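Peer 1: sharing a sequence plus its predicted fold:
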Amino acid sequence: MNHAHSRKTPVLSLAASAAIVCLATLVTSSSAQSAAQPQHTLAAPLPLSGRGGQNGSVTAVEAPIAGTTDSVTTINPSVQTQGPYTGSSSSTAAKPFAGKLSLSDAIQRGLSYNLGATQLNRAVRQAQGQSQIARSALLPNVSGYLAESLQQTNLAAEGLRIHIPIPGFTFPTLIGPYNNIDLRGNVTQSIVDLTAINNYRSSKELYHAAEFSARDAHDAVVLAVCGAYLQVLATAERVKTAHAQLDTATALFNQTQQKRQVGLSPQIDVDHSEVEQLTQQQRVISLETELAKEKIALARMTGLPSGSDYDLTDEVPFAAAPQLDLDTAIHQALDRRSDIKAAEAQVRAAEHALSAARDERLPSLSVNGNYGSIGTNPAQAAATFSAAATLSIPIWQGGRTEGDIHQAQASLEQRRAELEDLKGQVESDVRNAYLDVQAATNQVKVAQRNLQVNKETLDLTRQRFDAGVTDSVEVVQAQESLTSAELDEINSVFAHNVAKLSLARSIAGAADNLQQFVNVK
């Protein structure tokens with residue numbers, strides 16, 4: 001009897017030891033690997049407004065410009081540029097500059113390096129990346145790992161207390177250390193998740209909206225660069241006119257001095273002619289300063305060094321605007337404007353976001369699995385696997401779903417309102433530009449005729465002065481009138497070109513259809 005009992009005791013001890021090891025493995029496995037609970041997908045919220053990225057603008061506005069006078073010119077537009085459209089990155093490294101700038105070169109440099117265009121190009125890449133992130137929730141996610149651990153476990157600390165009386169054996173409370181190696185691959189796949197699907201659809205529409213905004217920025221850059229180029233050309237013409245008037249005033253002053261020396265003119269005539277000469281000198285200084293500043297602004301838009309001294313090689317004389325019916329222009333603008341297409345994409349994105357919020361109430365189905373080898377060492381490792389399908393059913397999330405729905409509804413309503421407002425703004429822009437073109441065309445005709453009459457008047461007045469019939473005051477007044485007429489003619493041509501640019505921008509495709517509106521020589 002005693003001999004048989006002594007033989008059973010080692011067997012029980014071995015069984016108990018094996019049980020302890022198994023329990024320890026289960027305990028440590030449960031503590032190291034917690035069950036992954038499925039997370040229900042939430043709708044991706046959108047900002048209230050779809051215009052959040054608009055931090056710059058380019059618009060043609062009526063404003064006084066250098067050299068403008070108070071004669072026949074009544075429309076004096078300028079291209080107003082704000083925000084990133086006023087700056088650029090350097091373009092001379094990739095495109096060397098020889099000091100001669102054509103209009104086409106300025107446009108190409110602006111499209112490539114102006115911050116208004118490049119910033120939105122990067123926004124497109126950012127939106128594309130966000131769309132890829134949203135799509136990843138619908139595609140398989142595969143990962144793998146290799147883990148090796150050396151463990152020593154306190155069973156008592158894990159809540160495992162065994163009190164089974166076995167003669168000659170005591171259950172330990174501390175086991176190990178023991179080794180564990182696990183090489184495993186995991187895969188998860190969403191089968192049905194309508195919220196994730198609509199999140200992805202919304203992100204795709206936001207990506208399309210960013211693309212359309214980038215195209216619209218190209219038209220804005222063309223308007224900004226062309227407007228600045230035309231402004232420099234117009235101011236350069238004003239400088240030439242001011243120099244010519246200064247030469248005329250200097251000649252009149254010299255002539256008056258000569259007459260004074262021989263007693264044919266009073267001192268008051270000499271004073272009048274000298275005041276006119278000084279006035280023309282001041283005008284030359286002012287216009288030359290304005291020209292230098294405008295060239296700096298143009299250089300900033302096109303990526304050229306601000307201190308570079310360059311010349312413009314193209315001229316943009318007066319040319320009639322292309323024949324375009326107003327209703328046709330409005331229809332083309334509403335159909336082709338990239339900013340309208342971007343706003344429409346923003347509306348579609350908000351619609352998908354609202355669907356995603358509503359779909360938070362629906363169940364989702366996903367599958368996951370893993371396969372690998374686990375053991376105390378590579379030689380003793382054995383293959384193991386697991387596969388599972390999870391149906392996640394939302395029951396109550398504390399009102400989160402209703403909050404997401406209300407937020408998505410507000411965003412959708414705002415974007416629809418912004419789309420309607422933009423359509424009205426586009427139609428208004430086309431009508432205003434169309435009226436400006438018509439008015440500027442008539443203004444050019446009036447200014448040209450006014451210039452011709454003032455030249456004839458000055459010639460007749462000079463003849464009367466040479467004959468001693470009149471004094472220098474009348475000559476100075478005639479010269480001032482001619483100066484005003486010359487400035488009016490320059491301003492009217494500039495106004496006509498800007499009005500055509502604004503019309504091209506309003507009906508979309510300014511970068512592609514520029515030659516139809518601007519006569520470059």
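Peer 2: Great, that's in hand. Numbering: from 1, shown residues only.
Peer 1: quick check: the gap between the nearest residue to Glu274 once chain neighbours are set aside and Gln261.
Peer 2: Taking Cβ to Cβ, 6 or more residues apart in numbering, and ignoring the residues beside it in sequence, Glu274 has Phe253 as its nearest neighbour in space, at 5.5 Å. The C-beta positions use only the backbone N, C-alpha and C, and glycine is treated the same way. When Cβ to Cβ, to the nearest Å is the yardstick, Phe253 and Gln261 sit 13 Å from each other.
Peer 1: do the same with Cys226
Peer 2: Summarising the geometry, the distance separating Cys226 from Gln261, computed by Cβ to Cβ, is 53 Å.
Peer 1: looking at these two, which one has more neighbours?
Peer 2: Under the neighbour definition other Cβ atoms under 10 Å, Cys226 and Gln261 were set side by side, and Cys226 has more, 28 against 10.
Peer 1: show me where the stretch 101-250 of the chain has its helices.
Peer 2: Taking DSSP state H, counting those that start in this stretch, the helices of the stretch 101-250 of the chain run over residues 103-113, 115-136, 194-261.
Peer 1: the inter-axis angle of the last one versus helix 115-136?
Peer 2: Angle, helix 194-261 to helix 115-136, by axes from the mean of the first three to the mean of the last three Cα atoms, to 10 degrees: 180 degrees.
Peer 1: then the shortest one?
Peer 2: Interaxial angle of helix 103-113 relative to helix 115-136 (the same axes, to 10 degrees): 40 degrees.
Peer 1: what is helix 103-113 packed up against?
Peer 2: Taking 3 or more Cβ pairs under 8 Å, 6 or more residues apart in numbering; DSSP states H and E as contact, the helices and strands that helix 103-113 lies on are helix 115-136, helix 194-261, helix 267-302.
Peer 1: how many other residues sit next to the nearest residue to Ala210 once chain neighbours are set aside?
Peer 2: In space, Ala210 comes closest to Ala127 once its chain neighbours are excluded; the distance is 4.0 Å by Cβ to Cβ, 6+ apart. Burial of Ala127, expressed as a neighbour count using other Cβ under 10 Å, amounts to 22.
Peer 1: same thing with Leu183?
Peer 2: Look at Leu183: counted by other Cβ under 10 Å, it has 17 neighbours.
Peer 1: which residues touch the most centrally placed residue in the chain?
Peer 2: Per Cα atoms, centre = their mean, the C-alpha nearest to the average position across the chain is that of Leu120, at 2.9 Å. Applying Cβ atoms under 8 Å, 6 or more residues apart in numbering, one finds that Leu120 lies in contact with Gly53, Ala210, Ser213, Ala214, Ala217.
Peer 1: need these in CSV (columns: distance to Leu138, neighbour count and pLDDT).
Peer 2: Formatted as CSV, the contacts of Leu120 follow (distance: Cβ to Cβ, whole Å; neighbours: other Cβ atoms under 10 Å; pLDDT from 0 to 100):
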residue, distance to Leu138, neighbour count, pLDDT
Gly53, 26, 17, 54
Ala210, 21, 24, 94
Ser213, 26, 25, 93
Ala214, 26, 21, 92
Ala217, 31, 27, 92
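Peer 1: between those, which is nearest Ser364?
Peer 2: The shortest approach to Ser364 among the contacts of Leu120 belongs to Ala210, at 28.6 Å (Cβ to Cβ).
Peer 1: so what's that closest one up against?
Peer 2: By Cβ under 8 Å, 6+ apart, the contact set of Ala210 is Leu120, Ala123, Val124, Gln126, Ala127, Gln128, Ala342.
Peer 1: need the contact partners of stretch 452-459.
Peer 2: Val475, Ala478, Gln479, Ser481, Leu482, Ser484, Ala485.
Peer 1: what residues of it count as buried?
Peer 2: Judged by neighbour count (16 or more other Cβ atoms under 10 Å), stretch 452-459 contains these buried residues: Asn454, Thr457, Leu458.
Peer 1: so where's the stretch 151-300 of the chain uncertain?
Peer 2: Using pLDDT under 70 as the threshold, the predicted model of the stretch 151-300 of the chain has low-confidence ranges 168-169.
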